[in-house]
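> coordinates for the following, if possible.
(2 chains)
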Amino acid sequence: MHLNLSGTVIVTQLLNGFALGMLFTLMAVGLTIILGLMRVINFTHGVLYTLGAYTLITLHKYLGFWPILVIAPICVGLIGMAIEASMIRPIYRRDPLFTLLLTFGMAMVVEDVVRLVWGDIPYPMAAPEILSGIVNLGVCVFSKYRLFVIIFTTILLFLVWLLLEKTALGKTILAGTFDREMVVILGIKIDLLFTLVFGIGAALAAIAGVLSAPIRGVFPPMGTDIIMPSFVVVIIGGMGSFWGAVIGGLLVGIVKSFTVEIYSPMADVIVFILLAVVLLVRPRGISGIEGLLE
Amino acid sequence: MGKKKEISRRSFLKVAGAAGAAITLDQFLKGPYVAYAGAPPILLGNIEPLSGPYADSGKDENQGAEYANNEYNKKGGVLGREIKMISEDAPSNPGIGVQKAKKLVERDKVLFLTGTLTSSVTLAISDYAWSQKMLFMAFGSHSDDTTMSKAHRSVFRTTSSNWMLSTACATWIAKNWNVRKVYHITADYTWGHTARESMNRIIVKKFEGQEIGNDFTPLGTTDFSAQLLKARGLKPDCLICNCYGGDQVNLVKQFKEFGLEKEMKLAGPLSGTPMMKGIGTAANGAWGLTWHSTVPTAGSKAFYDGLMKVYKTYDAWRPSYRHYLGYITHVQLFEAIKRTGTTDTIPVIKALEGHKFDGLKWNPSYWRAFDHQNIQDVIVGLAKRDANWKSEDDYFEILGHLKGDEAAPSSEEWKAAGGRELEPYDSLKK
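Below is the predicted model:
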C-alpha cells in the first residue's frame, strides 16, 4: 500500500477531520451540558438530530436551505422542551439509570415514527447551489460545503460559549452544573432552567442534523449512527465540560481522518483506542468536572 | 389487584361463531374458482424483503412475479391449474427468511419457493430448500456463492452473479476508458471482497493494470471523505465503488462533493434505480446492470409497456430490473412445468437445465447445467442525472453489453474458484 503524506494531503485531511469533528462537537456540546446540569444521559439526542434533518427535507422545496437552518432548531428545540417537561421531569429524583432507559426507549419509538411518516428510503439532499463543488485554497482543494460547515459551527459554538460565559443565564447553568442544590437554595427555578437547557441541546442537535444532511443523506437510523461517537466525544472531553466537548470532537475527527490515510482498517477502532488511552491517563476525560456521576 | 375478568364459555362461543360465519361468508362471496374447477392451484411461496431498507426492491420483484402470474392465469393457468402465490416478508435476516420458508412449505404446502434479494437470506433459504427437496428459484441476490461454493441441484439463480457484473464493467472501462490504475473502496463483507477480486482479475491480470489502493469500509458507512481524499492523492484512473445500497449513495454523492469527477473516473460492479433515487443529481460512473428499462429489444419493450399499464404510480415511474427478475423467473418456471407436464421437482429441474430462452435482451439466455446460473447479457450503464432527465428511464445510458458466456466464469475458472459440484438427482427423490 502506498503511503502518501505530502503537505497537500496533510492539510486536506486536517480540514476534513475538522469538518467531521465539528459535527460531533455540535452534538457533544448539547449532550454534555444536559449531562452536567441535569445528570441525564440523553439518548433522544440522536433522534432530535434525525428530526432536524427531516425538517430540512420536508420544508426544503418550499423554503430552500437557509431558512431551515433557523426553523429546524426552533421546532426541534420546542419538541425537546416538551419531552423534558412531560416525561423526564417526573423522574429526575430517581437513579440516572431511569432517565437513561426512558430516553433510550423514546429514541427507538421516535425512529419508528420517522419510518412511518417519511418511509424507509434514504432521501437525497444536495448542498445549496452556492456551496456545491470545490474551492481552491492554494495548498489544496476542498469541498465548499464542508468549509462552510467548519466556519458556521465555529461561529455557532462561539455564540454558545458567549451564552454560557458572559450572560446571567449561562452563569446560572454553569453554577447548576457545579452545585445544583446551592442554585435551588438561592431561589432559582431550576425546573424552568432544565427545560430551557434541554431545548438548547435539542436545537444544537437539530442544526447538526440539517448540516449533515447534504453530506451523509437523510435516513431513519441516522441518529443511531451518530449518538455513539458523540458519547465517545463527551467522555474523551470530560463529562459536563464545554471545552472538553470541543477538544474531544476535533480530536476524534482529525485522528479518524489521518488513520484512514495511514492505515485505514484501524479507522473505526482508533476512536475507541483514543478513548481508552485518555481514560487511562485522565480518568475524568480531558477536562471533566469532579464529582459528576461519581 | 384489580378484579380478574373472565371470559364465559357462552361469550366465547358467540365470538367464535360470529368469526366462523364471517370467514365462511367471505369465502362464499369471493366464489369458487370456477375456471379451474377440479384442478388444485399451483401454489408458489414468494419471499421478499417487504419492509426494512430493501423494501422498495423487494416490492418490485414481487410485482414482477405477480405480473407473470396474472399473464398465465389470464391464459387459463399452467396445465389448466391456476397459479397462486403466497408472499412472505423477510427483511435482511437469514433466520427470519428460513422461518418464513418453513411456514410456506409446512403450513401452506407450496410446491416451489421463489424470490429473495439479500445474499445471506438467499443462501439460508437455498440450504433449507435443498433439505426439503424443493425447487427454489432465487431472483435477485448477486453473491457468487449461490451458484458456486454453495450451489445446490434444487436451486437456480436468475440475476447475474457478482463475477459476471464485475467482469462486464471492468472489461468495458478497461477497453473504452483505458483504465489501468484503480483505487477500490470496498464494503467489508463477502460481496464487496468478491467484487474487488473480480474487478482486479480483469483490470490487473488481463489488462496488466495496477491496484494502487484499497480501503475496506464497514457496512453502513456514511462518510467516505477521508478515503476519497486519500484516493485523490494517489491519482488513480478510476475509483471503483464496491459498495451497494446506502453506502453507494453516500460514496457517489461525496465523490461529487469533493470534485473528483474532474480528476478520475468512477465505476462499480452493481447499481440500479433504487440507488440512483438517493444519489440524485450527483449521479456518475459506469456500472454493471442486469437489465434496464431502456433495453431496446422488442421483448423488453412489450414487457415495459405491460408493466407501465398496471403499476405506474407517478409520472417518472418506470419498471426496474427487480421487476424484470421476478417476471423472467416465474415465466421460466411456468414454461418448464408446461414442457414436462408435471410439477414434480426432478423433471422440472431437468427441463430447466441447459434450457435456452429469450431473456428479453440481445442474445438468448440459458440456465447453465453445471451451476444453475442464468447466463445472460450483462449491461454496462452510465449513471447520469442532467437537465434532460425526464423519467427513471434516464437514470442510465446503456454503454454496451457483454455476452453472458464471456462474463461468466468458465467451468475451469468456476471449479478453481471453489465451485461445488451439484448433487445427484437421486438425492431429490421423495
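> okay, now the unreliable bits of the chain?
Answering for chain A, as no chain was given. Residues of chain A meeting the criterion pLDDT under 70: A:1-3, A:291-294.
> correction: the question concerned chain B.
Looking at chain B by pLDDT under 70, you get B:1-37.
> again, 50 this time
B:1-5, B:28, B:30-34 (pLDDT under 50).
> need the residues of it near chain A, please.
With CB under 8 Å from any CB of the partner chain as the criterion, chain B meets chain A at residues B:51-53, B:55-56, B:212-216, B:218, B:220, B:222-223, B:225-227, B:229-230, B:232-234, B:246, B:249-250, B:253-254, B:257-259, B:274, B:277-282. C-beta: built from backbone N, CA, C; applies to glycine.
> wait, doesn't B:G418 sit right on B:K150?
No. B:G418 lies out of contact with B:K150 (CB atoms under 8 Å); the separation is 9.3 Å.
> out of the two, which sits in the more crowded spot?
Taking other CB atoms under 10 Å in any protein chain shown, B:G418 and B:K150 do not tie; B:K150 has more neighbours (18 against 11).
> wait, doesn't the more buried one sit right on B:L123?
Yes. Counting by CB under 8 Å, B:K150 touches B:L123, with 5.6 Å between them.
> would you map the helices across the stretch 51-200 of chain A?
A:68-83, A:96-118, A:144-166, A:168-178, A:180-185, A:190-216 (DSSP state H, counting those that start in this stretch).
> let's have those in a markdown table, adding mean neighbour count and distance to chain B.
Below are the helices of the stretch 51-200 of chain A laid out as a markdown table (neighbours: other CB atoms under 10 Å in any protein chain shown; distance: least, CB to the nearest CB, whole Å):
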| stretch | mean neighbour count | distance to chain B |
| --- | --- | --- |
| helix A:68-83 | 20 | 18 |
| helix A:96-118 | 15 | 9 |
| helix A:144-166 | 16 | 6 |
| helix A:168-178 | 17 | 32 |
| helix A:180-185 | 13 | 37 |
| helix A:190-216 | 25 | 4 |
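> want to throw these into a markdown table with distance to A:T58?
Below are the helices of the stretch 51-200 of chain A laid out as a markdown table (distance: least, CB to CB, whole Å):
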| stretch | distance to A:T58 |
| --- | --- |
| helix A:68-83 | 9 |
| helix A:96-118 | 8 |
| helix A:144-166 | 21 |
| helix A:168-178 | 31 |
| helix A:180-185 | 38 |
| helix A:190-216 | 11 |
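> show me what the helix or strand harbouring B:A168 is packed against.
In this structure, B:A168 sits in helix B:162-176 according to DSSP states H and E. Where contact means 3 or more CB pairs under 8 Å, 6 or more residues apart in numbering or on different chains; DSSP states H and E, helix B:162-176 is packed against helix B:190-200, strand B:265-268, strand B:286-289, strand B:378-383, strand B:396-402, helix B:404-407.
> check which residues of the last one are buried.
To tie it back to what came earlier, the one meant is helix B:404-407. B:G404, B:A407 (16 or more other CB atoms under 10 Å in any protein chain shown).
> so A:G253 touches A:L15, yeah?
No. Between A:G253 and A:L15 there is no contact under CB under 8 Å: 10.1 Å.
> so which of those two has more stuff around it?
A:G253 (26 against 22).
> and the host helix or strand of that one, anywhere near chain B?
Following DSSP H and E, one finds A:G253 within helix A:242-263. Yes. Between helix A:242-263 and chain B, judged by CB under 8 Å from any CB, the touching residues are A:K256, A:S257, A:V260, A:E261.
> ok, which stretches of the stretch 151-300 of chain B are strands?
Taking DSSP state E, counting those that start in this stretch as the criterion, the stretch 151-300 of chain B carries its strands at B:155-157, B:181-187, B:210-217, B:238-242, B:265-268, B:286-289.
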